[in-house]
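Asks: give me a 3D structure for the following:
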Amino acid sequence: MIFRQLFDQQSSTYTYLLADSATAEAVLIDPVFEQVRRDTALIGELRLRLLYTIDTHVHADHVTGAWMHKQRTGSRIAISAASGAEGADRYLSHGDRCGFGARYLTVRATPGHTNGCISLVLDDESMAFTGDCLLIRGTGRTDFQHGDARAMFRAVHEQIFTLPDACLLYPAHDYRGLTVTSAGEERRFNPRLGGALCEDDFAVYMTNLGLPHPRQIDVAVPANLKCGLAAGVPTQMAEAGWAPLTYTFAGIWEIDPQWLEENPGSVQIVDVREPAEFDGPLGRIPDARLISLGELAARAGELARERPIVTVCRAGGRSAQATAILRQAGFEAVANLAGGMLRWRAEGRAVENGEM
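Replies: Just a heads-up that it's a prediction; the model follows:
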């Protein structure tokens, strides 16, 4: 099985990608709107087919990426039947299974943070995804969205603490940089409801948390009640429209070599190799301008801001770094020639001053 834990720093949200290695079928748990481009890049690079996005509940601190993933990949939207959300393709109830290839996730109803919270347990009970119900040495809050501390206490003890001790638990959030825990650890050490703590202890604890409301609640909840599509939420993410670009999981825009060869006059081609390489046997792209990587930050002012820039090097590594340098300098329309001159020559494209 393929498993990836992804993170949105702004909302401290974890998104989880699971896929069956044999069939390449995948599911994505708790996607974040602002990270859709990142997530789809990873799915594309791993050559996966996204079947479902699954939200563990109606989030109050970020907008889900479910609707946007559906537009981009054709994936189906799944969420709890008790969530009250509109626009999903599948509404999940306790005991349902979400399959991907030969693997599946079992739905367990775990209300308390909201009345529509679910946890997702992998078929062999080796891992579970607890949403905002059980966090690492903590829990989700219970003071809005039909929250209920007593319902959460019972849900955790009946649906999560009954998992094997070694079952790894992955929450939807962590604010201290922690990434994973286990059912056995939380049963013993969770300071809110583990050990010998009873339901009354937990209810009093949660009543006195005194937390401020999430900053995004007024935007996030209405949007998430429509699975990510609502007034005030952009229906498209900004894309680079000046060329057929690809966004990589590394966060780099890459350009198609064929388009570059056919449209050299519409961009500035900046070769960031050293002078000896620029004049060396690999040759150079016609009309390319040499600005070595070590000089690029200081010489960025020599480049025109109204024309897109394509950066080039031997194999695509230094030129990828060059795109970051140029973006820091305020250039927005920048792309890397993936594979660099090695790929350019291997595809038989035109060069100057190169050896055959």
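
Asks: alpha carbons only for contacts and neighbour counts from here, please
Replies: Will do.

Asks: which strands or helices does the strand or helix carrying Leu42 pack on?
Replies: Using DSSP states H and E, Leu42 maps to helix 36-45. With contacts defined as 3 or more Cα pairs under 8 Å, 6 or more residues apart in numbering; DSSP states H and E, helix 36-45 has these neighbours: helix 66-73, strand 245-247.

Asks: for the helix or strand following that helix, name the packing helices and strands.
Replies: Following helix 36-45 in sequence order, the next helix or strand is strand 49-54 (DSSP H and E). Strand 49-54 is packed against strand 25-29, helix 66-73, strand 76-80, with contacts defined by 3+ Cα pairs under 8 Å, 6+ apart.

Asks: show me the contact partners of strand 49-54.
Replies: The set of residues external to strand 49-54 that reach it, using Cα atoms under 8 Å, 6 or more residues apart in numbering, is 24-31, 43, 66, 69, 73-79, 100.

Asks: for stretch 283-292, measure first residue to last.
Replies: The straight-line separation of the ends of stretch 283-292 (Cα to Cα, to the nearest Å) is 15 Å.

Asks: in it, what's buried?
Replies: Using 16 or more other Cα atoms under 10 Å as the burial criterion, the residues of stretch 283-292 that qualify are Gly283, Arg284, Ile285, Ala288, Arg289, Leu290, Ile291, Ser292.

Asks: go on, stretch 338-345?
Replies: Buried positions in stretch 338-345, judged by neighbour count with 16+ other Cα under 10 Å: Ala338, Gly339, Gly340, Met341, Arg343, Trp344, Arg345.

Asks: run through who's touching the helix holding Leu42.
Replies: Arg49, Leu50, Gly65, Met68, His69, Tyr247, Thr248, Phe249, Gly251.

Asks: same question, stretch 135-151
Replies: Contacts to stretch 135-151, defined as Cα under 8 Å, 6+ apart, come from residues 111-115, 132-134, 170-174, 178, 180-181, 186, 189-192, 199-200, 202-203, 206-207.

Asks: pLDDT (mean, whole number) over it?
Replies: Stretch 135-151 carries an average pLDDT of 94.

Asks: buried residues in it, which are they?
Replies: Those would be 135-143, 145, 147-151, for stretch 135-151 by 16+ other Cα under 10 Å.

Asks: distance from the chain centre to the helix holding Leu42, please.
Replies: 7 Å (Cα atoms, centre = their mean, to the nearest Å).

Asks: residue ranges for the strands of the stretch 201-350 of the chain, please.
Replies: Using DSSP state E, counting those that start in this stretch, the strands found in the stretch 201-350 of the chain span residues 245-247, 253-255, 268-271, 289-290, 309-312, 334-337.

Asks: now tabulate these in TSV and tack on mean pLDDT and distance to Val219.
Replies: Below are those laid out as TSV (pLDDT from 0 to 100; distance: least, Cα to Cα, whole Å):
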stretch	mean pLDDT	distance to Val219
strand 245-247	88	27
strand 253-255	94	29
strand 268-271	98	40
strand 289-290	96	46
strand 309-312	98	36
strand 334-337	96	32
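
Asks: so Glu34 sits against Gly65, correct?
Replies: Yes - counting by Cα atoms under 8 Å, Glu34 touches Gly65, with 7.3 Å between them.

Asks: have a look at those two and say which one is more surrounded.
Replies: Counted by other Cα atoms under 10 Å, Glu34 and Gly65 do not tie: Gly65 has more neighbours, with 25 against 16.

Asks: show me just the buried residues among the contacts of stretch 135-151.
Replies: 111-115, 132-134, 170-174, 181, 186, 190, 192, 199, 202-203, 206.

Asks: picking up where we left off before, mind putting the buried residues of stretch 283-292 into JSON lines with distance to Asp271?
Replies: Shown next, in JSON lines, are the buried residues of stretch 283-292 (distance: Cα to Cα, whole Å):
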{"residue": "Gly283", "distance to Asp271": "11"}
{"residue": "Arg284", "distance to Asp271": "8"}
{"residue": "Ile285", "distance to Asp271": "8"}
{"residue": "Ala288", "distance to Asp271": "6"}
{"residue": "Arg289", "distance to Asp271": "6"}
{"residue": "Leu290", "distance to Asp271": "5"}
{"residue": "Ile291", "distance to Asp271": "6"}
{"residue": "Ser292", "distance to Asp271": "7"}
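
Asks: still on that earlier bit, Phe331 is nearest to which of the helices and strands packed on strand 49-54?
Replies: helix 66-73 (26.9 Å; Cα to Cα).

Asks: low-confidence bits of the stretch 151-300 of the chain, can you list those?
Replies: 230-240 (pLDDT under 70).

Asks: show me where it has helices.
Replies: Listed in chain order, the helices of the stretch 151-300 of the chain (DSSP state H, counting those that start in this stretch) span residues 183-189, 199-207, 217-224, 257-262, 275-278, 293-299.
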